[in-house]
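A predicted structure for the sequence below; I have some questions about it.
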Amino acid sequence: MTLDRAVMLFAGGMVVLSVGLSAFASPMFLWFTLFIGVNMMQAAVTGFCPAAMLFKAMGVRPGRVFR
């Protein structure tokens, strides 16, 4: 698995988790969904992604986007 796919898998998992939590626990978890979306847009514009840095430090091989 490349770094790009790991980041997308992580972001998608967090979105699914936050939507599930907002449906079953508290609607306030929609703020977490908003945070994830804003972070994804910020990463697309600036290229800075904390999740990519974490996965890179864990040894996930680089892909084409996050080098």
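Looks like it came in fine. Residues are numbered from 1 along each chain as shown.

next one: stretch 2-21 to chain centre, how far?
5 Å (CA atoms, centre = their mean, to the nearest Å).

how about the residue nearest to the spatial centre of the chain: what's its closest non-neighbour residue?
When CA atoms, centre = their mean is applied to the chain, the residue found nearest the centroid is Ala11 (2.8 Å). Distance criterion CB to CB, 6 or more residues apart in numbering; nearest residue to Ala11, sequence neighbours excluded, is Met40 at 5.8 Å. In this view, the C-beta of every residue, glycine as well, is placed from N, C-alpha and C.

show me which helix runs longest in the protein.
helix 3-24 (DSSP state H).

what lies in contact with that helix?
1, 28-30, 32-33, 36-37, 40, 49, 51-52, 55-56, 60-66 (CB atoms under 8 Å, 6 or more residues apart in numbering).

now the helix or strand just after that helix against helix 3-24, angle please.
Helices and strands here follow DSSP states H and E; after helix 3-24, the next one along the chain is helix 30-46. Comparing the axes of helix 30-46 and helix 3-24 via axes from the mean of the first three to the mean of the last three CA atoms, to 10 degrees yields an angle of 160 degrees.
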